[in-house]
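K.L.:
Here's my sequence, what's the structure:
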Amino acid sequence: TTSAAIELLREATGVDPVALGGQPLIKYPEGIFKGKRIMAAAETFDIGLRDTIIPKLKEYVTPEMLDGAPKKNQQGLETVWRFKSGAELILFSYQQSAKSFEGSQWDFAWFDEPPPQDIFNAVRRGCMKREGRIIVTATPLSQPWMLDDLILPSQDPAHPDYGNVSYF
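P.N.:
Take a look at the predicted model:
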């Protein structure tokens, strides 16, 4: 979760964290990622977003990175974050229907815990036009399709997905 949150912020700000060789900044770049779309999703609104992703983002995001306060959803959770760089982060929950994930284009997507396959496929389609990257931070026990459809094919030299998935 921590590594994905840091990677998400690298995508949103264009700045490497100090811990990864970046330099401390007083002013973050503005407008360099206008139109860049980032999404993050977790299993539930309460535990996944409220108790995990949002606190992790708040641990690393400073007011200098943002273009105003994050916008809240009906539950009072900060689900839309706009960065001074022009990038926009939108938070989702797997409690939403797969249709909620359809149609949007993404430059970067992060799933914290294995998503249902229909949600993953919707986001993957949304990443294709922009050649967006997808990160899943999880122990893939609850969604066995990930092993069968992502991990094993990417390790088979005869499969078209060979080398397209990194598994750590």
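K.L.:
use CA for all of it now, contacts and neighbours both
P.N.:
Fine.
K.L.:
Give me the outermost residue of the chain relative to its centroid.
P.N.:
residue 158 (29.8 Å; CA atoms, centre = their mean).
K.L.:
contact partners of the helix or strand residue 126 falls within?
P.N.:
Assigned by DSSP states H and E, residue 126 belongs to helix 117-128. Here helix 117-128 makes contact (CA atoms under 8 Å, 6 or more residues apart in numbering) with 94, 97-99, 101-109, 133-134, 143, 145-146.
K.L.:
measure the nearest residue in space to residue 134 that is not next to it in sequence to residue 63 for me?
P.N.:
Of all residues not flanking residue 134 in the chain, residue 109 sits nearest, at 4.7 Å (CA to CA, 6 or more residues apart in numbering). Residue 109 sits 22 Å away from residue 63, going by CA to CA, to the nearest Å.
K.L.:
Between the two, which is the more surrounded one?
P.N.:
Between residue 109 and residue 63, counted using other CA atoms under 10 Å, the more crowded position is residue 109 (26 against 11).
K.L.:
Wasn't that one part of a strand?
P.N.:
Yes. Counting by DSSP: H, G, I helix; E, B strand; the rest coil, residue 109 is part of a strand.
K.L.:
Look up which residues are beta-bridged to it.
P.N.:
Going by DSSP bridges, residue 109 is paired in beta bridges with residue 39, residue 134.
K.L.:
From residue 155, how far out is it?
P.N.:
For residue 109, the distance to residue 155 equals 22 Å [CA to CA].
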